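Attaching a predicted model along with its sequence, questions to come.
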Amino acid sequence: MKVTIDVDLTPEEMRRLVGLPDVQKFNEAVMDEMLQRLKTGTEGYDPLQFFRAGIMANTDTWSKWTELFSPFSQKTPKP
């Protein structure tokens, strides 16, 4: 016997389902701070360096999430 479950979720609902924190306000605060530093020309501030560490760390994390959820995205043939 095979059971198929289709789940239709918004990104917000998916975030809550898997228990991820709501970081929207944090992201807005970070972007506001970054824009302020760019506008004022803060000495020694390099936005590329700011994002580089996060991007490199997230590539491994993204690979793990993809590996975890890839079985759910594969459709099984109907008998």
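Now that the structure is in, tell me what you want to look at.

Residue 52 sits in which helix or strand?
Using DSSP states H and E, residue 52 falls within helix 47-73.

what mean pLDDT does that helix have?
Along helix 47-73, the predicted confidence averages to a pLDDT of 71.

pLDDT value on residue 20, please?
For residue 20, the model assigns a pLDDT of 89.

Distance check, it against residue 37.
Noted for residue 20: a distance of 28 Å to residue 37, by Cβ to Cβ, to the nearest Å. For the C-beta atoms, the positions are set from N, CA and C on the backbone; glycine is no exception.

Kindly report the same for residue 60.
28 Å.

Could you export stretch 11-23 as PDB, CA atoms only?
What follows is stretch 11-23, C-alpha atoms only, in PDB (Å, rounded to 0.1, in the frame of the first residue of the first chain):
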ATOM      1  CA  PRO A  11       6.700  30.000   2.900                       C
ATOM      2  CA  GLU A  12       5.600  31.400   6.300                       C
ATOM      3  CA  GLU A  13       3.700  28.200   7.100                       C
ATOM      4  CA  MET A  14       6.700  26.100   6.100                       C
ATOM      5  CA  ARG A  15       9.000  28.100   8.300                       C
ATOM      6  CA  ARG A  16       6.700  27.600  11.300                       C
ATOM      7  CA  LEU A  17       6.200  23.900  10.400                       C
ATOM      8  CA  VAL A  18       9.900  23.100  10.500                       C
ATOM      9  CA  GLY A  19      10.500  25.400  13.600                       C
ATOM     10  CA  LEU A  20      12.600  28.100  12.000                       C
ATOM     11  CA  PRO A  21      12.600  31.400  13.800                       C
ATOM     12  CA  ASP A  22      11.000  34.500  12.200                       C
ATOM     13  CA  VAL A  23      14.100  36.600  11.300                       C
END
